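Enquirer: sharing a sequence plus its predicted fold:
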Amino acid sequence: MLAIIGGTGLAEMEGLEIIRRHGAETPLGAASCGVIEGVLNGHEVLFLPRHGQPHKLPPHRVNYRANLWALKQAGASRIVGINAVGGIDPELVPGALVVPDQVIDYTIGRESTYFDGRFKPLAHIDFSWPYDAESRQTLLMAAQQAGEAMVDGGVYGCTQGPRLETAAEIARMARDGCSLVGMTGMPEAVLARELEIPYACLALVVNPAAGVVDTEITMAEIEAVLESGLERVKKVIRALLG
């Protein structure tokens, strides 16, 4: 069953016919909220708003381990994470949809593995290619069917948040090869890999990253892009299910 993790601005899915609300408690603590099981476009789906419902959890306070565990318990067989991001590559302007193929993790102190020697015995996994190739291609085809342009590939740099980055930090990330910057892509992707659930990211660029353009980043501008951009994201999700 497809599971959708909603990011900033996507705390609910329009048109989702709710069948069941799963509990939020897991062996790893509480998920952001209970997983919602329902029918969208005639297909059963799972939905979990990453920041809670209503939106309340900052990126560094999200219990990613509980969220992914709750989705697995509810029957998720593949996951699409929706992420609002900044564009480091100047060509990735606000409103662009991107399916990244790589990630660099700049976060600190997050619980980022199930194999911590306490919850599960120590183990090492291959994470050379962090996003599932088949899931990425399925998203790209869905965008084509929905008539929405989508960029194939990119490097998602995940920062700690909740503050936005400095221009110097973004310049460093650009030198590292990052084309996108967000705060929630990790450890979500690696936890899905540890649970052997295919995972892909659908990123919506909502602002130029700090220093990319010579203007201040405002929440009003970000929210305006979110409002229009998330409608396009929903079109892609409906096509993915169709």
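Expert: Structure received.
Enquirer: pLDDT (mean, whole number) over stretch 81-98?
Expert: When pLDDT is averaged over stretch 81-98, the result is 96.
Enquirer: renumber starting at 159 from here on
Expert: Sure, I'll start numbering at 159, so the last one becomes stretch 239-256.
Enquirer: centre of the chain to it, how far?
Expert: Counting by Cα atoms, centre = their mean, to the nearest Å, stretch 239-256 is centred 12 Å from the centre of its parent chain.
Enquirer: for that stretch, buried residues please.
Expert: Taking 16 or more other Cβ atoms under 10 Å as the basis for neighbour counts, the residues of stretch 239-256 that come out buried are 239-247, 250, 252-256. Backbone N, C-alpha and C define where each C-beta goes, glycine included.
Enquirer: what do you get for stretch 225-233?
Expert: So stretch 225-233, judged by 16+ other Cβ under 10 Å, has buried residues 225, 226, 227, 228, 229, 230, 232.
Enquirer: now the residue nearest the centre of the chain: how far from residue 253?
Expert: Centre of the chain computed as the mean C-alpha position; nearest residue by Cα atoms, centre = their mean is residue 239, 3.3 Å away. Using Cβ to Cβ, to the nearest Å, one obtains 19 Å as the distance from residue 239 to residue 253.
Enquirer: try residue 325
Expert: Separation of residue 325 from residue 253 (Cβ to Cβ) stands at 22 Å.
Enquirer: then residue 180?
Expert: In this structure, residue 180 lies at 34 Å from residue 253, with Cβ to Cβ as the measure.
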